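Q: Okay, structure incoming, though there's no sequence with it:
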């Protein structure tokens, strides 16, 4: 098994709390470093694919 620090199984935790009048919300997230990389790769893929869609749509409109 590869023992690199990036593959460490320790979880990272983030907590966000919001309060406005009688409403109160709390969200907690726990993720491993490998999970953070996976989310980053997913977001990168979404941004790149949406850029390709916008480019194709502009190209189509300029031909009209």
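A: Nice, I can see it. What you are looking at is a predicted structure, and each value in this text was computed from that prediction instead of being measured.

Q: CA atoms for contacts and neighbours, from now on please.
A: Will do.

Q: And the helices in this protein, which stretches?
A: 33-62 (DSSP state H).

Q: Please identify the buried residues of the lowest-mean-pLDDT helix or strand in it?
A: Every helix and strand of the chain was ranked by mean pLDDT, DSSP states H and E. The lowest is helix 33-62, at a mean of 88. For helix 33-62, the neighbour count (16 or more other C-alpha atoms under 10 Å) marks residue 33 as buried.

Q: where's stretch 31-49 relative to the chain centroid, distance-wise?
A: Relative to its parent chain, stretch 31-49 has a centroid offset of 5 Å by C-alpha atoms, centre = their mean, to the nearest Å.

Q: likewise stretch 54-64?
A: 28 Å.

Q: Can you report how many residues neighbour residue 26?
A: For residue 26, the count of nearby residues is 9 (other C-alpha atoms under 10 Å).

Q: my read: it touches residue 20, true?
A: No: using C-alpha atoms under 8 Å, residue 26 is not in contact with residue 20; the gap is 12.0 Å.

Q: so what pLDDT did residue 5 get?
A: At residue 5, the pLDDT value in this model is 60.

Q: Pull the number of nearby residues for residue 31.
A: As a burial measure, residue 31 scores 14 neighbours (other C-alpha under 10 Å).

Q: Cheers, nothing more for now.
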